[in-house]
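> Here's my sequence, what's the structure:
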Amino acid sequence: MSEEASFLERKDVRISFQRYAIDAFGAMAQGLFASLLIGTIFGTLGGLTGIELLGQIGGYAKTVAGPAMALAIGSALAAPPLVLYSLAAVGFAANEAGGAGGPLAVFVVAIVAAELGKLVSKETKVDILVTPGVTVGLGCALALAIGPWVGAAASSLGALIMWATDLQPFLMGIIVSVLVGAALTLPISSAAICAALGLTGLAGGAALAGCCAQMVGYAAASFADNGWAGVVSQGLGTSMLQVPNIFKKPVTWIPALVASAVTGPVATVVFGMQQNGAAIASGMGTCGLVGPIGLYSGWVADGITPGAFEWLGMALVCVVIPAVVAWLVATAMRRAGLIQEGDMALD
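You can find the predicted model right below:
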């Protein structure tokens with residue numbers, strides 16, 4: 001092993017898809033949940049109830065979204081304490097500099113800052129100055145240098161997706177719903193993707209439909225194996241629980257994917273569903289009912305008083321259609337021998 005490779009191993013700097021695209025990205029989503037997402041929920045409750053305290057709590061939580069994401073990323077990268085604490089300033093700078101694409105800017109900058117901080121950590125007798133100096137100094141400088149570019153790129157891509165969805169709601173409704181829904185089930189983070197791209201509007205509605213279809217779809221398709229416990233854990237928790245079964249037998253994913261392909265255009269074409277709450281809600285599905293809450297908060301923000309049509313759309317797209325479609329497809333596949341008893345059982 002070369003001297004450089006040995007040094008990197010000693011510092012636990014491992015450049016890999018697993019570490020950055022899955023571990024760090026997934027952790028960033030948790031940071032988003034604990035700040036922007038919960039803040040949005042508190043803010044919505046405050047607006048609905050008129051309780052000022054709830055609105056204040058929500059505002060505080062949303063303010064620290066950048067630091068929360070950066071600290072989560074640093075934790076996933078096993079950053080030493082001084083590096084980890086220094087990432088709070090880096091996250092704030094990157095989120096501010098990144099603008100609408102702040103989460104993506106935080107993702108890029110926090111990873112670089114954390115790894116640079118780890119390289120110098122405990123290498124000098126003045127570690128208390130050097131480590132935070134390098135992490136904060138280089139991290140914030142990088143945030144100011146590339147944050148606006150990363151943010152602009154993310155915003156442009158998000159705007160392109162939203163423009164294409166408005167132009168071709170049927171086709172893009174299918175594409176966005178299936179891809180974002182698949183990201184929710186895979187060990188990536190659909191919530192972080194939607195937040196990074198600022199995915200709202202009609203495209204946000206398609207993304208929400210796809211995510212709901214994965215969670216509710218799996219809950220219905222696997223009911224024979226998991227019963228009501230599976231309905232709760234997958235329908236209100238996450239369809240990611242099915243990843244081991246997907247790896248063992250990929251065809252078990254078909255019912256949920258078909259449900260996503262169906263609900264996407266129903267959301268965009270039939271109901272014109274626009275998710276104008278926090279962008280992160282577009283990628284949350286029915287997890288803790290965050291997706292539907294985001295849809296409702298968007299109505300409130302847009303000054304829309306939801307009527308029977310809006311509520312019917314939410315119920316059909318988020319729950320009824322994915323449950324029925326996935327169950328029917330899974331039943332047909334079981335009768336054809338493509339899915340066997342226990343194939344979708346949860347550990």
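
> so where's the stretch 101-250 of the chain uncertain?
By pLDDT under 70, the weakly predicted segments of the stretch 101-250 of the chain are 187-189.

> Which residue ranges of it form helices?
Per DSSP state H, counting those that start in this stretch, the stretch 101-250 of the chain carries helices over the ranges 102-120, 127-167, 169-185, 190-197, 201-221, 223-232, 243-248.

> looking at those, which is buried most?
Each of the helices of the stretch 101-250 of the chain was scored by mean neighbour count; the highest is helix 201-221, a mean of 33, by mean count of other Cβ atoms under 10 Å. For every residue, glycine as well, the C-beta is placed using N, CA and C.

> Helix 127-167 and that one, what's the angle between them?
Helix 201-221 runs at 100 degrees relative to helix 127-167, counting by axes from the mean of the first three to the mean of the last three Cα atoms, to 10 degrees.

> hey, C-alpha coordinates of helix 201-221 in PDB?
The C-alpha trace of helix 201-221 is given here as PDB (Å, rounded to 0.1, in the frame of the first residue of the first chain):
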ATOM      1  CA  GLY A 201     -45.800  22.500  -8.700                       C
ATOM      2  CA  LEU A 202     -47.100  19.900 -11.100                       C
ATOM      3  CA  ALA A 203     -43.800  18.000 -11.100                       C
ATOM      4  CA  GLY A 204     -43.900  18.000  -7.300                       C
ATOM      5  CA  GLY A 205     -47.400  16.500  -7.500                       C
ATOM      6  CA  ALA A 206     -46.100  13.800  -9.800                       C
ATOM      7  CA  ALA A 207     -43.200  13.100  -7.500                       C
ATOM      8  CA  LEU A 208     -45.500  13.000  -4.500                       C
ATOM      9  CA  ALA A 209     -47.800  10.600  -6.400                       C
ATOM     10  CA  GLY A 210     -44.900   8.300  -7.200                       C
ATOM     11  CA  CYS A 211     -43.600   8.200  -3.600                       C
ATOM     12  CA  CYS A 212     -47.100   7.500  -2.200                       C
ATOM     13  CA  ALA A 213     -47.500   4.700  -4.800                       C
ATOM     14  CA  GLN A 214     -44.300   3.000  -3.600                       C
ATOM     15  CA  MET A 215     -45.200   3.100   0.100                       C
ATOM     16  CA  VAL A 216     -48.900   2.400  -0.100                       C
ATOM     17  CA  GLY A 217     -48.400   0.100  -3.100                       C
ATOM     18  CA  TYR A 218     -45.900  -2.100  -1.200                       C
ATOM     19  CA  ALA A 219     -48.200  -2.100   1.900                       C
ATOM     20  CA  ALA A 220     -51.100  -3.400  -0.200                       C
ATOM     21  CA  ALA A 221     -49.000  -5.800  -2.400                       C
END
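
> returning to what we had before: and G277, which of the helices of the stretch 101-250 of the chain is closest to it?
In this view, these are compared for proximity to G277 by Cβ to Cβ, and helix 201-221 is the closest at 8.2 Å.

> which other helices and strands contact the closest one?
Using 3 or more Cβ pairs under 8 Å, 6 or more residues apart in numbering; DSSP states H and E as the contact criterion, the secondary-structure elements in contact with helix 201-221 are helix 127-167, helix 169-185, helix 190-197, helix 223-232, helix 254-265, helix 290-301, helix 321-335.

> Export those to CSV and append columns for distance to A207.
Written out in CSV, the entries for those read as follows (distance: least, Cβ to Cβ, whole Å):
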stretch, distance to A207
helix 127-167, 9
helix 169-185, 4
helix 190-197, 6
helix 223-232, 23
helix 254-265, 9
helix 290-301, 9
helix 321-335, 14
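
> Looking at those, spot the one closest to Y60.
helix 290-301 (17.5 Å).
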